[in-house]
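> sequence first, predicted coordinates after that:
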2 protein chains.
Amino acid sequence: MYHQVHPKRKLLQPEETEEEKQFRAIYQQIAGDDMQICANELKTILKNVLSKHNDIKSEGFSLETCRSMIALMDTDGTGKLNLQEFKHLWKKIKDWQLIFKRYDKDKTWSISSFEMRNAVNDAGFQLNRQLYDIIAMRYADERLNIDFDSYICCFVRLEGMFRAFNAFDKDGDGIIKLNVLEWLQLTMYS
Amino acid sequence: MYHQVHPKRKLLQPEETEEEKQFRAIYQQIAGDDMQICANELKTILKNVLSKHNDIKSEGFSLETCRSMIALMDTDGTGKLNLQEFKHLWKKIKDWQLIFKRYDKDKTWSISSFEMRNAVNDAGFQLNRQLYDIIAMRYADERLNIDFDSYICCFVRLEGMFRAFNAFDKDGDGIIKLNVLEWLQLTMYS
């Protein structure tokens, strides 16, 4: 069956912003014809995009964080990101960095594990004390500080894990039942 | 109650090997008095240990892989590794690198996603096709090759996830039931 685009839908679609036009250009240059990017290419693109943002003092992200980002945003299961998925990711990074800056008062581009709790709450995640401790153990350095790369890596993992849980909890009762292969399928791609 | 060491137990305990003595020395130097190491220190120790092994051509592991390693081996939940936990980790790395070398025939210190399936099987993990595809998507580069760091990172994750599942599956029926906080507690520390 042929679906016509609803005329109102077209009207509601926002014009591409200047930033989005910039993305498309950088993206096309790096992604090539298929307009899909792998983790290495994402790393290059993010470095390029971040260098144009004076308000984000980051050298870019580690390859491992980029792989996690792809696993989080890759909704069509290609193992790569298309431009639309990249835009969603960028929006998330921008939202999360705003929260980060709220707590990084001395502008060392690093926040304490204690401030991380507030940041996690501000981002809309309701966790318990045990989980805050787990986050500190996993993402903080020996002085209990969390740098921007680890911070984003943590949020990417949190968001991905929440989403995986909700996708699996089809009846919405807040409980999931898994066998070992289902468990691995949910946890290995993150 | 006071437990006496059984005399036979003492006899059965192996003498410290030359390698283990070396570890203790490197470890003491880096870990300091508490003999516990964080991810950054683990990175330094592994680089040091690997440089003494002519049969493993690795520059060492990324900080992210070291964090995963700590999450896997940290059985007492301190967020750090003690010497005993480090020795277990080193044994695993040595076992896994033997398998790696079996498939890295051209000695590029990288194996294909296809060879990875055999390596995973050789290490005793029984997975399905979907999981092999997930591993390739998550750990292989754009030419579908998996380097040694990603290879170890994948095994650390696999082993950790299998262990977490089994620990949670108390009745051993092969099914686990989780609410969202239990799910996050199991998946965020890996």
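Received the coordinates, thanks. Please read all numbers here as calculations on a predicted model, not as lab measurements. Numbers count the residues shown, from 1 in each chain, chains lettered A, B, ... in the order given.
> quick one: least confident helix or strand in chain A?
helix A:7-12 (a mean of 50; mean pLDDT, DSSP states H and E).
> return the set of buried residues in the helix or strand following it.
Downstream of helix A:7-12, the next assigned helix or strand under DSSP states H and E is helix A:18-31. Across helix A:18-31, burial judged by 16 or more other CB atoms under 10 Å in any protein chain shown covers A:23-24, A:26-27, A:31. C-beta coordinates here come from the backbone N, C-alpha and C atoms, glycine included.
> alpha carbons of helix A:18-31, as CSV, please.
Only the C-alpha atoms of helix A:18-31 are listed here, as CSV (Å, rounded to 0.1, in the frame of the first residue of the first chain):
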residue,chain,number,x,y,z
GLU,A,18,22.9,25.8,10.7
GLU,A,19,24.4,23.2,13.0
GLU,A,20,22.5,20.4,11.2
LYS,A,21,23.8,21.6,7.9
GLN,A,22,27.3,21.6,9.3
PHE,A,23,26.8,18.0,10.5
ARG,A,24,25.5,16.9,7.1
ALA,A,25,28.7,18.2,5.5
ILE,A,26,31.1,16.7,8.0
TYR,A,27,29.1,13.5,8.0
GLN,A,28,29.0,13.1,4.2
GLN,A,29,32.8,13.7,4.0
ILE,A,30,33.5,10.9,6.5
ALA,A,31,30.7,8.4,6.1
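> partners of the helix or strand following that helix, with directions?
On the C-terminal side of helix A:18-31, the closest following helix or strand by DSSP H and E is strand A:36-37. Note on strand A:36-37: by DSSP bridges, its sheet partners are strand A:81-82 (antiparallel).
> average pLDDT for the strand it pairs with?
Strand A:81-82 shows a mean pLDDT of 92.
> what sits against the residue at minimal distance from the centre of chain A?
Closest residue to the average C-alpha location of chain A: A:V156 at 4.3 Å, with CA atoms, centre = their mean. A:V156 makes contacts with A:65, A:68-69, A:72, A:92, as judged by CB atoms under 8 Å, 6 or more residues apart in numbering or on different chains.
> where exactly do the strands run in chain A?
Ranges of strands in chain A, per DSSP state E, are A:36-37, A:81-82, A:110-112, A:145-147, A:175-179.
> would you tell me which one of the ones you listed is buried the most?
The highest mean neighbour count among the strands of chain A, using mean count of other CB atoms under 10 Å in any protein chain shown, belongs to strand A:81-82: a mean of 24.
> burial of the nearest residue to A:T187 once chain neighbours are set aside, as a residue count?
In space, and not counting its chain neighbours, A:T187 is closest to B:M161: 4.9 Å by CB to CB, 6 or more residues apart in numbering or on different chains. By the measure other CB atoms under 10 Å in any protein chain shown, the count of residues near B:M161 is 20.
> count the neighbours of the closest residue to A:K107 other than its chain neighbours for me.
What sits nearest to A:K107 in space, not counting adjacent residues and going by CB to CB, 6+ apart, is A:K57, at 7.8 Å. As a burial measure, A:K57 scores 14 neighbours (other CB under 10 Å).
> state the distance from A:K57 to A:S150.
15 Å (CB to CB, to the nearest Å).
> in stretch A:44-62, what counts as buried?
Those would be A:45-46, A:48-50, A:56, A:58, A:60-62, for stretch A:44-62 by 16+ other CB under 10 Å.
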